[in-house]
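**Q** Got a sequence here, can you build the structure:
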Amino acid sequence: MFVRAYLRASTSEQDAQRARVSLEAFAAERGLHVASWYVENESGSKLARPELFRLLRDAHPGDVLLVEQVDRLSRLTAQDWEKLKAEIGARSVRVVALDLPTSWTMVATSTDAFTVRMFEAVNSMMLDVLAAVSRKDYEDRRRRQQQGQAQAKAEGRYKGRPEDTKRNATIADMLARGMSWTRVQDATGCSRATVAKIAARAKMSVPA
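**A** Model prediction:
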């Protein structure tokens, strides 16, 4: 059984590696070894996540995609979630999440075929439920944030997030030296959107 762990954080300011210890402990308790790690700083509301899709391209039928929580995998819209599920299904990858106990049977070695099929069905349904909850939580937080910003702007208190000028200068220098966007992301841990913003600001055209 080949276990591939996926770690995600929304921004470069957050630690995507935070859950690594929990995933390693979960695997060790079941006599498993995490063979590959895929780490990225991208929003779970975006379908375009390079490391997640690299994991799926690398995967073989029966491999396990291990995540800490379902929201690490998806805060997607219903339409995008269906696309991601279809890709996971096409690769015959089994999703196991620490916050979804019904998925733990996917890594059990002594489970009979009937039980496996039953839990696969239950697991699929629960994944849908938790993905929908994760999306609603994302939309609720965004709405509250926007409301708070609107009120702060109306009161003259809103200044926005301070820019990381040192990091952005480093990114601009890397782009000026012809480094690809992907290499810049790997080196700085920033999001692709940040690279695009700095490239546009500097009016650079660097191959991605």
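
**Q** In this structure, where is pLDDT below threshold?
**A** With pLDDT under 70 as the threshold, the chain has low-confidence stretches at 12, 109-111, 158-161, 204-208.

**Q** domain ranges for it?
**A** 3-135, 165-201 (automatic domain parsing).

**Q** CA atoms only for stretch 141-153 - export them in CSV, please.
**A** Extracted as CSV, the C-alpha positions of stretch 141-153 are listed here (Å, rounded to 0.1, in the frame of the first residue of the first chain):
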residue,chain,number,x,y,z
ARG,A,141,-15.6,33.7,6.8
ARG,A,142,-15.1,35.6,3.6
ARG,A,143,-18.5,37.3,4.0
ARG,A,144,-17.7,38.3,7.6
GLN,A,145,-14.2,39.5,6.5
GLN,A,146,-15.7,41.6,3.7
GLN,A,147,-18.3,43.1,6.1
GLY,A,148,-15.6,43.9,8.6
GLN,A,149,-13.5,45.6,6.0
ALA,A,150,-16.4,47.5,4.6
GLN,A,151,-17.2,48.8,8.1
ALA,A,152,-13.5,49.7,8.8
LYS,A,153,-13.3,51.5,5.4
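
**Q** Just the buried positions in it, please.
**A** Neighbour counts over stretch 141-153 (16 or more other Cβ atoms under 10 Å) mark no residue as buried. For the C-beta atoms, the positions are set from N, CA and C on the backbone; glycine is no exception.

**Q** Okay, the nearest residue to Ala132 once chain neighbours are set aside and Arg144: tell me how far apart.
**A** Counting by Cβ to Cβ, 6 or more residues apart in numbering, the nearest residue to Ala132 once its immediate chain neighbours are dropped is Ala78, at 7.2 Å. Plainly put, Ala78 is 21 Å away from Arg144 if you go by Cβ to Cβ, to the nearest Å.

**Q** returning to that earlier point: phi and psi next, for the residue nearest to Ala132.
**A** Taking degrees, to the nearest 10, you get phi -60, psi -40 for the backbone angles of Ala78.
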